[in-house]
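Asker: what follows is a predicted structure for the sequence shown.
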Amino acid sequence: MSDLNPRAALVASATAVALHRGGLSLCGSQIAALAVALERLPRLAVGDRLAVLMGPVGDVISARLDADEFAFDRARDALQRAMCTYWTERMVA
């Protein structure tokens, strides 16, 4: 995803993780891409639409670092809901 700008890379990698149906061990490369995208993302302005993703993204990455399958499942569920909110806001804006 190096050809994407940081915002697009974060949205694309977060979407990939949210849509992935495998467990934590099968989702490693998607989570790694998500972590890289998060590192490249500049600080968000107040009210930025991406803010809704930051908590769940961090939780997914933390669950991966802790190798905690249960926490990963909860974090991915939260990321799925956050992605729904993000895309809904994009549609109505």
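Answerer: That came through fine.
Asker: list every C-alpha atom in stretch 33-47, with coordinates, as CSV.
Answerer: Taking Å, rounded to 0.1, in the frame of the first residue of the first chain, the C-alpha atoms of stretch 33-47 are listed here in CSV:
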residue,chain,number,x,y,z
ALA,A,33,-0.3,-3.2,7.0
LEU,A,34,-2.7,-1.5,9.4
ALA,A,35,0.1,-0.8,11.8
VAL,A,36,2.3,0.7,9.1
ALA,A,37,-0.6,2.8,7.8
LEU,A,38,-1.2,4.1,11.4
GLU,A,39,2.4,5.0,11.8
ARG,A,40,2.4,7.0,8.6
LEU,A,41,-0.8,8.9,9.4
PRO,A,42,-0.2,12.4,10.5
ARG,A,43,-2.0,13.8,13.6
LEU,A,44,-5.7,14.1,13.0
ALA,A,45,-7.5,17.4,13.2
VAL,A,46,-10.4,17.8,15.6
GLY,A,47,-13.5,16.5,14.0
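Asker: what about Ala82, helix or strand, and which?
Answerer: helix 69-92 (DSSP states H and E).
Asker: against which helices or strands is that helix packed?
Answerer: Secondary-structure packing of helix 69-92 (3 or more Cβ pairs under 8 Å, 6 or more residues apart in numbering; DSSP states H and E): helix 6-19, helix 51-66. Every residue, glycine included, has its C-beta placed from N, CA and C.
Asker: how far does it sit from the chain's center?
Answerer: 8 Å (Cα atoms, centre = their mean, to the nearest Å).
Asker: buried ones in it, by neighbour count?
Answerer: For helix 69-92, the neighbour count (16 or more other Cβ atoms under 10 Å) marks 71-72, 75-76, 78-80, 82-83, 86 as buried.
Asker: widest-spaced pair of those residues?
Answerer: Spatial extent of these (Cβ to Cβ) is set by the pair Ala71 and Tyr86 at 21.6 Å.
Asker: so which residue is dead centre in this structure?
Answerer: Nearest residue to the geometric centre of the chain (Cα atoms, centre = their mean): Ala14, 3.1 Å.
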